[in-house]
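In: Sequence and computational prediction follow.
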Amino acid sequence: MSAVSLVALVFIAAAIDARSASRALDSQVSGRALALSRAVWMDHGTLHLEPLSEDDLVSASAVTAVLRRDGTGPVGVRWARPSALSALPLAGELDALWKSTVREQGPVLATAAGADGRRLRWAAAPVWDTDYIGAVVLTAVEMAPSEQQHEELVRSLVAGCAVLVLVSAGAGHWLSGRSMRPALRALDQQERFLTEAAHELRTPLATLRLTLEGGMTSAPGAASASADAVRLVDHLARLVAGLLSRARVQAGSARVELTPLRLDQLVEQVVNELPHSEADMTVQTEPTVVLGDPDLLTQAVRNLVENALRHGAPADGPPLVDVHVADGRISVRDHGPGIAAADREKVFGDRVTGGRDGRDGVGVGLAIVRWVADLHGGTARAVRAPGGGALVELALPPHTPS
């Protein structure tokens, strides 16, 4: 809309300038013609041109001539400046100017090309002899300078308009980009959340269905199936809570509150809450205090341990997991196939699959661990454990009470 307005303003300004220039030109040439017609006088048919030789307007006029018609004969040039002879229009134009002046009984204006091809603006003013027009004074100015000035103004307006349109378009694009960025970011976060939720919920829901179907077909196994179903539902609830917590923090609707806490005690509590009856798990902790968000750190530790339980089984036995906490560092080691060197950084990305020798991927579990580490000013890394398996470490800055 602004571009259209600018173009309209250019057209309006150009039209106003053209009209103003035309009026100024007409006023100039008609004023000279009237002044010269008053300087020339007639006395009973005798035309007195002596004042023209002394009038300053004659020298200032581009073209000056006096027309006279004797009786019913053709209009003739009675007097003209030498420089005006080549600029006078053809006989037909002269006759038309004479007739218009006689008909209007006053000054008339016309545009006509001279014999030399120049476009001139003509003014004709009558010279009265008592009660009739006995002669006509012609003056003219060249139109080219005025038209050239108008064209230069139009070019300047067009160039300025083009620059303003480009600037306004660039500014509009920049402003629209800035105004749309939060909405696009929100849509991207929503899409990521839905994708991650769908990815993470797919496997637990399939397992829950199989568990419930097994309990329905086998009465003796109903109690075990119900227990497994409750465990899976708890896992799903924790998973959804973690995804929501991450989405809220990333969207800015929730703040991360860092408070001093005992990391060793938090890890022990998480490990005790996780079902691992079939796993061989060793936990070694040393008292360590960090600044952290208890809920986010609980989620990160749970993801670390669950990841190790899921992938930490050797080929011929139950999962073997070692957890060690000291100096703000949580190390979780499994005895599974390990993580390929090329995938040790990739496993911290969202929805990574195939990270462990072609087995099921790690989803967003380790991605959330890396995200929590970044929020706390810490690091998360995966290395090959001595003797085989994977060692995933979450390191947080230790807190020393003041």
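Out: Now that the structure is in, tell me what you want to look at.
In: switch to C-alpha atoms for all contacts and neighbour counts from now on
Out: Will do.
In: Setting the sequence-adjacent residues aside, check what's closest to residue 365.
Out: Counting by C-alpha to C-alpha, 6 or more residues apart in numbering, residue 303 is the residue found nearest to residue 365 once chain neighbours are left out, at 5.3 Å.
In: can you give me phi and psi for that neighbour?
Out: Dihedral pair for residue 303: phi -60, psi -40, per degrees, to the nearest 10.
In: what's the neighbour count on it?
Out: A count of neighbours around residue 303, defined by other C-alpha atoms under 10 Å, yields 21.
In: Ok, residue 97 next?
Out: Using other C-alpha under 10 Å as the criterion, residue 97 is surrounded by 24 other residues.
In: Identify the residue nearest it in space, chain neighbours excluded?
Out: Skipping the residues right next to it in sequence, residue 97 comes nearest to residue 124 by C-alpha to C-alpha, 6+ apart, at 6.8 Å.
In: And that neighbour, how close does it get to residue 118?
Out: Distance, residue 124 to residue 118, by C-alpha to C-alpha, to the nearest Å: 18 Å.
In: Looking at these two, which is more packed in?
Out: residue 124 (30 against 16).
In: Run a quick check on the more buried one versus residue 111, I expect a contact.
Out: No: Residue 124 sits out of contact with residue 111 when judged by C-alpha atoms under 8 Å, with a separation of 11.3 Å.
In: where exactly do the helices run in the stretch 101-250 of the chain?
Out: In the stretch 101-250 of the chain, the segments counted as helices under DSSP state H, counting those that start in this stretch are 144-217, 222-251.
In: show me what contacts the residue nearest to residue 365?
Out: Applying C-alpha atoms under 8 Å, 6 or more residues apart in numbering, we find residue 303 in contact with 365-366, 368-369.
In: Same list (these) but as TSV, adding secondary structure and distance to residue 397.
Out: TSV is the format used below for the contacts of residue 303 (DSSP: H, G, I helix; E, B strand; the rest coil; distance: C-alpha to C-alpha, whole Å):
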residue	secondary structure	distance to residue 397
365	helix	22
366	helix	19
368	helix	18
369	helix	15
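In: ok, now how distant is the most centrally placed residue in the chain from residue 181?
Out: If you average the C-alpha coordinates of the chain and look for the closest C-alpha using C-alpha atoms, centre = their mean, you land on residue 173, 2.5 Å from that point. Between residue 173 and residue 181 the computed distance is 12 Å (C-alpha to C-alpha).
In: now the strands for the chain?
Out: Using DSSP state E, the strands found in the chain span residues 41-43, 46-48, 63-69, 75-80, 108-113, 119-129, 132-142, 259-262, 280-285, 289-292, 320-326, 329-334, 379-384, 390-395.
In: which of the contacts of residue 303 lies closest to residue 142?
Out: Distances from residue 142 to the contacts of residue 303, taken as C-alpha to C-alpha, are shortest for residue 368 (82.7 Å).
In: so the closest one makes contact with residue 302?
Out: No: look at residue 368 against residue 302 with C-alpha under 8 Å: they stay out of range, at 10.6 Å.
In: my guess is residue 300 meets residue 369, correct?
Out: Yes: with the criterion set as C-alpha under 8 Å, residue 300 and residue 369 qualify as a contacting pair; they are 4.8 Å apart.
In: Residue 381 contacts residue 345, doesn't it?
Out: Yes: counting by C-alpha under 8 Å, residue 345 is a contact partner of residue 381 at 7.3 Å.
In: any shared contact partners between the two?
Out: The contact lists of residue 381 and residue 345 share no entry, where a contact means C-alpha under 8 Å, 6+ apart.
In: hmm, back to that, what's the pLDDT at the residue nearest to the centre of the chain?
Out: Per-residue confidence (pLDDT) for residue 173: 78.
In: Could you measure from it over to residue 164?
Out: 14 Å.
In: before we move on, what about residue 29?
Out: Distance check for residue 29 against residue 164: by C-alpha to C-alpha, it reads 38 Å.
In: So between the two, which is more surrounded?
Out: Neighbours around residue 29 and residue 164, counted as other C-alpha under 10 Å, are more numerous at residue 29. The numbers are 23 against 15.
In: OK, contacts around the more buried one?
Out: Counted by C-alpha under 8 Å, 6+ apart, residue 29 has contacts 121-123, 139-141.
In: Turn those residues into JSON lines, columns for neighbour count and pLDDT.
Out: Shown next, in JSON lines, are those (neighbours: other C-alpha atoms under 10 Å; pLDDT from 0 to 100):
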{"residue": "121", "neighbour count": "21", "pLDDT": "89"}
{"residue": "122", "neighbour count": "26", "pLDDT": "88"}
{"residue": "123", "neighbour count": "28", "pLDDT": "92"}
{"residue": "139", "neighbour count": "31", "pLDDT": "88"}
{"residue": "140", "neighbour count": "30", "pLDDT": "87"}
{"residue": "141", "neighbour count": "21", "pLDDT": "86"}
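In: Near residue 150, how many other residues are there?
Out: Residue 150 is flanked by 17 other residues according to other C-alpha under 10 Å.
In: Apart from its chain neighbours, what residue comes closest to it?
Out: Using C-alpha to C-alpha, 6+ apart, the nearest residue to residue 150 is residue 18, at 6.5 Å.
In: Can you get me a residue count around the closest residue to residue 289 other than its chain neighbours?
Out: Closest residue in space to residue 289, ignoring its immediate chain neighbours: residue 262 at 4.6 Å, by C-alpha to C-alpha, 6+ apart. Close neighbours of residue 262, defined as other C-alpha under 10 Å, add up to 17.
In: Next: residue 294.
Out: By other C-alpha under 10 Å, 18 other residues sit near residue 294.
In: and it, what does it touch?
Out: If you count contacts by C-alpha under 8 Å, 6+ apart, residue 294 has them with 261, 266.
In: Ignoring the adjacent residues along the chain, who's closest to residue 126?
Out: residue 136 (4.6 Å).
In: Now the strands of the chain in a markdown table, please, with extra columns for distance to residue 188.
Out: As requested, the strands of the chain are arranged in a markdown table below (distance: least, C-alpha to C-alpha, whole Å):
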| stretch | distance to residue 188 |
| --- | --- |
| strand 41-43 | 91 |
| strand 46-48 | 94 |
| strand 63-69 | 77 |
| strand 75-80 | 85 |
| strand 108-113 | 69 |
| strand 119-129 | 67 |
| strand 132-142 | 68 |
| strand 259-262 | 31 |
| strand 280-285 | 39 |
| strand 289-292 | 27 |
| strand 320-326 | 36 |
| strand 329-334 | 32 |
| strand 379-384 | 25 |
| strand 390-395 | 28 |
